[in-house]
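> sequence below, structure please.
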Amino acid sequence: MAEAVLSERSDPSPELQLRSLSIDPPLFLAPMAGLTHSALRQIIAGYGGVGLLSTEMLAARRLPTENPRLSPWIIRTDAERPMSWQLLISGVAEVRPAINALHRLGADAIDLNMGCPAPAVSRVGAGAKLMEHPDEVRRIVAEARCLTGLPLTAKIRLGNELDEGKLRAFCTMLQGEGIDLISVHARLNHESFARAPRWEWVGKIKQWVTIPVIVNGGVFSVEDARNCLQATGADGLMLGRGAVIRPWLFAEIAREIYGCPIEKPVVVLSELYQRFIDLLTELYLPERRLGRLKEFTHYFARNYQFGHLLASKVQSSLSVEEARARAADFFSRNPSLHE
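Numbers count the residues shown, from 1 in each chain. As a prediction, this is how the structure comes out:
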């Protein structure tokens with residue numbers, strides 16, 4: 001059985017204990033393709049408030065041959081701890097080589113991706129497609145649990161349709177096979193981000209299992225975080241796009257909801273953006289920089305009333321330096337309320 005408990009301290013911030021890993025506060029960075037790499041993680045960690053960082057989803061079959069000094073998916077610094085490493089697995093045969101690789105890389109926790117609905121992922125039987133094959137999931141989790149003493153978590157969606165019996169059986173199976181924590185993206189597999197998350201269904205899952213349940217989806221502000229926790233009774237929050245738009249959001253939630261002793265972040269958006277570019281340049285090979293900058297800018301530009309202009313200028317740039325110059329020009333013309 002899982003060894004995860006939620007203990008209350010004398011101060012307002014609950015500490016989530018997963019085996020030997022303490023997560024305090026219970027605020028998690030969501031794994032996001034093209035986004036949750038070292039540059040963004042360092043910026044988020046610099047503001048404080050995040051309890052557990054995350055990698056992007058890592059293809060289990062390729063992970064054993066990745067170069068940790070060059071691979072943009074697994075480069076990380078000492079400042080990025082604790083950190084969960086998410087595996088995209090399509091079958092039990094991929095489990096042992098991948099977990100052995102994560103042990104060598106010094107992972108703090110391992111997450112199994114059972115929620116990505118992307119067609120390319122579904123075609124190989126991974127991500128959300130796994131939830132349609134609970135017997136294979138049972139074998140994958142059992143194998144992983146036998147191979148590691150690290151916290152083992154699973155990230156899921158609600159399924160293809162709202163089926164309480166099927167979802168309950170799946171979640172209790174995960175707990176029974178040794179999953180320490182479930183994070184739930186509160187949407188069905190086919191539902192886009194435009195659809196309001198179904199937080200009430202996370203509340204159902206919370207009643208079905210005794211391991212911690214973390215809610216993901218629809219949190220872009222402290223008010224959203226407070227409403228989400230109230231609606232779900234979840235043990236913590238996982239922030240995705242909201243943390244890309246506002247990398248200081250963890251710090252705000254940690255301070256205002258969990259009572260963490262974190263000073264109010266001083267945010268200068270133009271400086272944050274330039275710092276992000278500097279980190280990309282420092283960490284990655286030239287061919288790995290521009291795409292990540294464009295992906296980040298797509299979300300970060302939402303901090304501005306006319307942010308679509310920034311996004312379009314960067315999207316059409318042919319080099320990082322061209323994007324940097326165009327962004328600097330935009331910032332000079334569009335002071336932000338955060339500056």
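> and the nearest residue to residue 145 once chain neighbours are set aside, what element?
Leaving aside its sequence neighbours, residue 145 sits nearest to residue 178 (Cβ to Cβ, 6 or more residues apart in numbering; 3.6 Å). C-beta coordinates here come from the backbone N, C-alpha and C atoms, glycine included. Per DSSP states H and E, residue 178 falls between elements, in no helix or strand.
> residue 140 is in contact with residue 178, correct?
No. Residue 178 lies out of contact with residue 140 (Cβ atoms under 8 Å); the separation is 11.3 Å.
> could you pull out the helices for the chain?
Ranges of helices within the chain are 38-47, 95-105, 119-123, 134-147, 164-176, 199-208, 222-232, 241-245, 249-256, 269-283, 290-300, 307-315, 320-333, based on DSSP state H.
> which helices and strands does the last one pack with?
Meaning helix 320-333. Packed against helix 320-333, as judged by 3 or more Cβ pairs under 8 Å, 6 or more residues apart in numbering; DSSP states H and E, are the following elements: helix 269-283, helix 290-300, helix 307-315.
> got the contact list for the last one?
Residues from elsewhere that reach helix 307-315 (Cβ atoms under 8 Å, 6 or more residues apart in numbering): 293-294, 297-298, 300-301, 304, 323, 326-327, 329-330, 334.
> got a quick ChimeraX command for the buried subset of the residues you listed?
A single ChimeraX command selects the buried members of the contacts of helix 307-315 (16 or more other Cβ atoms under 10 Å):
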select :293,294,297,298,300,301,304,323,326,327,330,334
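> residue 184: which of the contacts of helix 307-315 is nearest?
Distance to residue 184 across the contacts of helix 307-315 (Cβ to Cβ) is lowest for residue 298, with 24.9 Å.
> which residues touch the closest one?
Per Cβ under 8 Å, 6+ apart, neighbours of residue 298: 311, 315.
> cool, and the one 4 residues further on?
Under the criterion of Cβ under 8 Å, 6+ apart, the contact partners of residue 302 comprise residue 245.
> from residue 328, how far out is it?
Taking Cβ to Cβ, to the nearest Å as the measure, residue 302 falls 19 Å from residue 328.
> next one: residue 79
Per Cβ to Cβ, residue 79 is found 26 Å from residue 328.
> quick one: which of those two has more around it?
Shown here are residue 79 and residue 328; by other Cβ atoms under 10 Å, residue 328 has more neighbours (14 against 11).
> surely that one touches residue 270?
Yes. If you go by Cβ under 8 Å, residue 328 and residue 270 touch, sitting 7.4 Å apart.
> hang on, the earlier thing: among the helices of the chain, show the one with the smallest mean pLDDT.
Averaged per stretch, pLDDT over those is lowest on helix 119-123, reaching a mean of 93.
> can I get it in CSV, CA atoms only?
Written as CSV, here are the backbone C-alpha positions of helix 119-123 (Å, rounded to 0.1, in the frame of the first residue of the first chain):
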residue,chain,number,x,y,z
PRO,A,119,-3.4,12.1,-30.8
ALA,A,120,0.2,11.2,-31.3
VAL,A,121,0.4,9.9,-27.7
SER,A,122,-2.8,8.0,-28.0
ARG,A,123,-1.7,6.3,-31.2
